[in-house]
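In: One predicted model, sequence on top.
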Amino acid sequence: MDRLAREGVKAKYLIPPFVTMTSPSHFTTISGRWIEDHGVIHNMMFNTETKWKYSFKTTLNKTEWWDNGVLPLWITAQRQGRKTASFHYPGGGAKYKGEAVQRSLVESYTHPDSNETEWRENIDIVMNWFTKEDFDFVTLYYGEPDNVGHKFGPETENRRVMIQQIDRTIGYLVEAIERHRLTEHLNVIITSDHGMTTVKKKPNVTEILLTKYIKYKDLVKFDIVDYGGFGMILPKPGKEEALYEALKNAHPHLHVYKKEEFPERFHYAKHERVLPILLYADSGYNINGQLIIYFNKGDHGFDNDLEDMRTIFRAFGPDFKKNHLAEPFDSIHIYPLMCKLLGVTPEPHNGSLAITQEMLVDQQPGAKIQRSSALQNTAIGLGTTTGVLAVLFVTGVTYTAIRRKKKQSADQNSKSEPVNLNEIPRVAL
Ligand SMILES: [Zn+2]
């Protein structure tokens with residue numbers, strides 16, 4: 001990972017969206033939209049009438065949870081003639097307006113998160129998709145170091161060992177790109193969905209337990225709690241005010257809001273799926289409902305402004321500058337960058353290419369790249385705040401242009417001409 005900082009772009013850190021949770025954050029990366037706009041507001045699909053909550057993995061296959069009118073990049077790129085695939089990336093298994101991602105592998109229920117041999121095999125599979133099948137865009141997801149961080153905590157030897165495994169896998173990736181002669185054709189973005197912090201437990205702290213402050217059977221119709229530092233409650237009819245009053249000053253490390261008063265900076269609460277009462281806890285405090293049944297030693301879901309919720313961004317390939325240290329930015333800005341690399345006209349999104357295009361070589365041709373002394377310092381500690389690792393491969397514009405040219409002579413389709421990247425409109429919402 002240090003080598004990548006020298007041979008590519010590294011951001012000081014990446015700010016995930018709120019809620020700092022796997023599926024919502026991944027869908028922001030792949031759509032450039034805030035969570036309140038794309039509507040994937042939680043890892044679990046739920047139904048307040050049937051009281052059903054579907055697990056993270058079950059929800060991965062529920063098209064109705066993902067398909068809210070916002071198109072992820074796979075679909076947009078496909079519609080513009082690109083060939084795209086998702087390898088275990090959250091949301092890749094759903095259909096959008098009836099359209100599936102051209103190739104999609106969804107994690108099975110029993111998929112092991114940490115099998116290094118399988119990680120390498122997956123890289124080889126993806127390389128073959130590029131070389132033998134002409135794919136333009138692939139998202140590849142690994143569920144570590146999230147899993148080990150939950151189980152043992154982020155500041156542990158187990159986690160350090162996992163970071164080393166990830167580092168070796170990135171090395172394998174670089175080597176595989178060279179072996180498949182893709183070095184000059186493939187742009188790679190390595191990022192993740194959130195950080196992680198150590199869970200605070202008794203006797204060190206007084207844990208948050210909602211049932212200490214409210215009578216569940218009188219006030220609560222449905223809740224989503226016991227899931228890290230974030231929760232939502234649907235009060236029984238007419239009980240919203242009573243519930244809010246009972247909880248708002250209940251615990252010094254619990255923040256309670258009515259949906260319409262939830263801080264705007266989170267860009268979270270406007271979606272219709274968000275329940276009327278929102279809760280978030282200070283760093284490390286789990287929100288427990290009626291029992292303390294949550295055993296995680298590390299967790300996320302907290303305020304995306306917290307240092308521990310930040311995550312990584314690395315990028316390398318023919319279109320990225322080398323040894324470039326980028327300022328921190330919100331993950332919504334990755335989407336327009338990927339669109340530019342693919343030569344695809346973006347859907348309306350909340351990001352801005354102005355934030356990320358300075359990473360690209362063609363913005364300042366011949367510009368002298370200065371070596372930043374901050375590089376060495378910020379490279380340390382990378383693993384301890386990293387959640388799920390998502391690797392996004394984008395074939396370069398140069399490569400795309402060459403391929404389009406070849407195809408053009410065959411089908412004379414003027415629409416498949418390479419797009420003038422300076423003319424791609426940015427639609428900001
Ligand atoms: Zn997690």
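Out: Structure received.

In: The longest helix belonging to the chain: what's the following helix or strand?
Out: Once the chain is assigned using DSSP state H, the helix that runs over the most residues is helix 157-179. Downstream of helix 157-179, the next assigned helix or strand under DSSP states H and E is strand 186-192.

In: Counting by contacts, list what that following strand packs against.
Out: The contact analysis (3 or more CB pairs under 8 Å, 6 or more residues apart in numbering; DSSP states H and E) places strand 186-192 against helix 157-179, strand 313-316, helix 334-342, strand 389-395. In this view, the C-beta of every residue, glycine as well, is placed from N, C-alpha and C.

In: Under the pLDDT cut-off, which ranges of the stretch 1-150 of the chain? List them.
Out: Across the stretch 1-150 of the chain, nothing is flagged by pLDDT under 70.

In: where do the strands sit along it?
Out: 9-11, 14-15, 84-87, 95-96, 99-100, 103-105, 137-142 (DSSP state E, counting those that start in this stretch).

In: Can you say which of the helices and strands packed on strand 186-192 is nearest to residue 93?
Out: strand 389-395 (14.8 Å; CB to CB).

In: mean confidence score for the closest one?
Out: Averaging pLDDT along strand 389-395 yields 68.

In: Also stretch 298-311?
Out: 95.

In: buried residues in that stretch?
Out: 298-304, 306, 308-311 (16 or more other CB atoms under 10 Å).

In: one step back: can you redo the strands of the stretch 1-150 of the chain as JSON lines with distance to residue 292 and mean neighbour count?
Out: Below are the strands of the stretch 1-150 of the chain laid out as JSON lines (distance: least, CB to CB, whole Å; neighbours: other CB atoms under 10 Å):
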{"stretch": "strand 9-11", "distance to residue 292": "37", "mean neighbour count": "25"}
{"stretch": "strand 14-15", "distance to residue 292": "30", "mean neighbour count": "23"}
{"stretch": "strand 84-87", "distance to residue 292": "37", "mean neighbour count": "24"}
{"stretch": "strand 95-96", "distance to residue 292": "39", "mean neighbour count": "17"}
{"stretch": "strand 99-100", "distance to residue 292": "41", "mean neighbour count": "15"}
{"stretch": "strand 103-105", "distance to residue 292": "37", "mean neighbour count": "18"}
{"stretch": "strand 137-142", "distance to residue 292": "30", "mean neighbour count": "25"}
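
In: Residue 212: which of these is closest?
Out: strand 14-15 (33.3 Å).

In: Which elements pack onto the closest one?
Out: Strand 14-15 packs on strand 329-330, going by 3+ CB pairs under 8 Å, 6+ apart.

In: Relative to the strand it packs on, what are the paired strands and their orientations?
Out: Using DSSP bridges, the strands paired with strand 329-330 are strand 14-15 (parallel).

In: Next, work out how far apart the closest residue to residue 41 other than its chain neighbours and residue 94 are.
Out: The spatially closest residue to residue 41, leaving aside those adjacent along the chain, is residue 273, at 5.1 Å (CB to CB, 6 or more residues apart in numbering). In this view, residue 273 and residue 94 are 15 Å apart by CB to CB, to the nearest Å.

In: Look at these two and report which has more neighbours.
Out: A side-by-side neighbour count of residue 273 and residue 94, using other CB atoms under 10 Å, places residue 94 first with 25 against 15.

In: residue contacts, residue 149?
Out: 159, 162, 196, 298, 387 (CB atoms under 8 Å, 6 or more residues apart in numbering).

In: OK, contacts around the second one?
Out: The reference is to residue 162. 114, 144-145, 148-149, 383.

In: closest to residue 133 among the residues you listed?
Out: Using CB to CB, those come closest to residue 133 at residue 144, 27.1 Å.

In: any chance of the contacts of residue 149 in CSV, plus distance to residue 104?
Out: Converted to CSV, those look like this (distance: CB to CB, whole Å):
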residue, distance to residue 104
159, 30
162, 26
196, 27
298, 29
387, 22
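
In: for the residues you listed, which one is nearest residue 173?
Out: Using CB to CB, these come closest to residue 173 at residue 162, 16.3 Å.

In: Distance check, that closest one against residue 194.
Out: 16 Å.

In: partner strands of the strand or helix carrying residue 233, parallel or antiparallel?
Out: Per DSSP H and E, residue 233 falls inside strand 230-235. Strand 230-235 has the following sheet partners, assigned by DSSP bridges: strand 220-224 (antiparallel), strand 277-281 (antiparallel).

In: got JSON lines for those strands, with mean pLDDT and distance to residue 153 too?
Out: Listed next are the strands paired with strand 230-235 as JSON lines, based on pLDDT from 0 to 100; distance: least, CB to CB, whole Å:
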{"stretch": "strand 220-224", "mean pLDDT": "98", "distance to residue 153": "24"}
{"stretch": "strand 277-281", "mean pLDDT": "98", "distance to residue 153": "17"}
